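> coords below, sequence missing:
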């Protein structure tokens, strides 16, 4: 999260001394033990400005003085300065398979505590409210004595209405309808911000990859379900109603009678999502893991890349990506999939995708895979909590 600090005032009206305060604080975060003299030299700022800024940051308990440098030698000793990374902490809630996991961490992304609860597929709204509240309360007990909890960031799989702050539907929990994060916020007495998992992952990639803030970036997920997130020039495409980028629930086969978890028939997910393939593969369903990381291991151990069911699924998933591409025409595609760690199947998937792309642009598409086990949503869903507070803290006195 340290990477965003120098941009904290971008897009708003700010003074030069506000920007200077932000970059000095970032420099201290990135260089533990740096001295005032080194800050002046590296940032080319006036000594008086640096001295005043560091004094302000110390008064705010954002940084503190440490040991002396050149102590006992000729000349005036210099004081090392360190960031107080535990000044502000946040709680992040995210979903892995049917587990809700919680993490307490600081501005440096150091994990201070973790918690996880497996949630039954038929959980009710009230039960889910209790489970989430219990996780948050357990993590709050680990907040350091002199730290301030800024709030709770949530990244959930499903259809999230950002206006009403509701989880309208989730393939993980079929009975959940219009789960209210607003009620959760009142119960916890903490600010709660909500993302879909893919939006939160995209947010984190935009923070850490400057190149992603220019042009169109499409994140495509093929695993337990199929979904996507899209950003243009650093802004994530969102819908007030939450119904956006639901490529997995678009019509694939109008003649199909296969029911999707969304309640419709013929959806793209019914042909390629893990939940739909479990009954089609040549093994007892109980032996096939639903959790994506475990499914990837199972996939490799059983050499499923040549399985006809998997090959068809790859073709359908490529069809979904192709549809999104022709609607959005991103300059960069990032693929996240527990299926496509296998190089042979990945090549097949790309061939199927490119075969339906207009020839005049087929060679210009940049495509990358996200590394296995990427959990950027943990940090992406709490980004706005840190931004909101640091805009205030890094405004000069």
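Sure thing, it's come through. This is a predicted model, so every value here is computed, not measured. Numbers count the residues shown, from 1 in each chain.
> Against which helices or strands is the helix or strand hosting residue 20 packed?
Residue 20 is part of helix 16-30 when elements are defined by DSSP states H and E. Helices and strands touching helix 16-30, as assessed by 3 or more C-beta pairs under 8 Å, 6 or more residues apart in numbering; DSSP states H and E, comprise helix 36-43, helix 47-59, strand 78-83. (Glycine included, C-beta is placed from N, CA and C.)
> lowest-confidence stretch among these?
For the helices and strands packed on helix 16-30, mean pLDDT drops lowest on strand 78-83, to a mean of 90.
> What is whatever helix or strand comes next after that one packed up against?
Counting by DSSP H and E, the next helix or strand C-terminal to strand 78-83 is strand 88-96. Strand 88-96 is packed against strand 99-106, helix 125-140, strand 148-156, helix 197-208, helix 377-380, helix 383-393, with contacts defined by 3+ C-beta pairs under 8 Å, 6+ apart.
> who touches the longest one?
What it means is helix 125-140. Applying C-beta atoms under 8 Å, 6 or more residues apart in numbering, the external contacts of helix 125-140 come out as 91, 93, 100, 102-104, 113-117, 119, 123, 149, 152, 154, 173, 175-180, 183-184, 187-188, 190.
> what angle separates that helix from strand 99-106?
For helix 125-140 against strand 99-106, the angle by axes from the mean of the first three to the mean of the last three C-alpha atoms, to 10 degrees is 30 degrees.
> where's helix 125-140 relative to the chain centroid, distance-wise?
In this view, helix 125-140 has its centroid 21 Å away from the chain centroid, taken as C-alpha atoms, centre = their mean, to the nearest Å.
> Same question for it: list its buried residues.
By neighbour count with 16 or more other C-beta atoms under 10 Å, helix 125-140 contains the buried residues 125, 128-129, 131-132, 135-136, 138-140.
> Rounded mean pLDDT for it, please.
Averaging pLDDT along helix 125-140 yields 96.
> okay, the angle between that helix and strand 88-96?
Angle, helix 125-140 to strand 88-96, by the same axes, to 10 degrees: 140 degrees.
> And residue 297, which helix or strand is it part of?
Element membership of residue 297 [criterion: DSSP H and E] is helix 292-301.
> Centre of the chain to stretch 95-110, how far?
11 Å.
> Give the buried residues for that stretch.
Residues 95-98, 100-107 are the ones in stretch 95-110 that count as buried (16+ other C-beta under 10 Å).
> try stretch 287-304
By 16+ other C-beta under 10 Å, the buried positions in stretch 287-304 come out as 288-292, 295-296, 298-299, 304.
> Excluding sequence neighbours, find me the nearest residue to residue 65.
residue 79 (4.9 Å; C-beta to C-beta, 6 or more residues apart in numbering).
> hang on, the earlier thing: deepest in the core, which of the helices and strands packed on helix 16-30 is it.
Of the helices and strands packed on helix 16-30, the one with the most neighbours on average (mean count of other C-beta atoms under 10 Å) is strand 78-83, at a mean of 18.
> strands paired with that strand, and their directions?
Partners of strand 78-83 in the sheet, by DSSP bridges, are strand 34-35 (antiparallel), strand 63-69 (antiparallel).
> if we can go back for a sec, now the residue nearest to residue 65: how far from residue 197?
Between residue 79 and residue 197 the computed distance is 44 Å (C-beta to C-beta, to the nearest Å).
> what's the model's confidence in the lengthiest helix in the chain, averaged?
Longest helix in the chain, counting residues (DSSP state H): helix 308-328. Helix 308-328 carries an average pLDDT of 95.
> Give the rounded mean pLDDT of the very next helix or strand once past it.
Sequence-wise, the next helix or strand downstream of helix 308-328 (DSSP H and E) is strand 332-337. The predicted model gives strand 332-337 an average pLDDT of 95.
> Give me the contact list for the helix or strand that comes right after strand 332-337.
Next along the chain after strand 332-337, taking DSSP H and E as the criterion, comes helix 343-354. Helix 343-354 has contacts (C-beta under 8 Å, 6+ apart) with 305, 310-311, 314-315, 317-319, 321-322, 325, 339-340, 362, 365, 367, 369.
> weakest of the strands paired with strand 78-83 in terms of mean pLDDT?
Across the strands paired with strand 78-83, the lowest-scoring stretch is strand 63-69, with a mean of 76.
> So, low pLDDT: which residues of the protein?
Under the criterion pLDDT under 70, the flagged ranges of the chain are 67-77, 242-243, 360-363.
> returning to what we had before: give me the residues contacting the longest helix of the chain.
Contact partners of helix 308-328, identified using C-beta under 8 Å, 6+ apart, comprise 216, 218, 220, 222, 226, 228, 230, 245, 247-248, 250, 252, 268, 271-272, 277, 280-281, 299, 304, 333, 335, 337, 339, 345, 348-350, 352-353, 356-357, 365.
> The helices and strands packed on helix 16-30: which one's closest to residue 13?
Nearest to residue 13 among the helices and strands packed on helix 16-30 is helix 47-59; the distance by C-beta to C-beta comes to 19.6 Å.
> what's the angle from that closest one to strand 78-83?
Using the same axes, to 10 degrees: helix 47-59 against strand 78-83 is 50 degrees.
> separation between residue 52 and residue 58?
In terms of C-beta to C-beta, residue 52 sits 11 Å off from residue 58.
> what does residue 153 give?
From residue 153 to residue 58 the distance is 28 Å (C-beta to C-beta).
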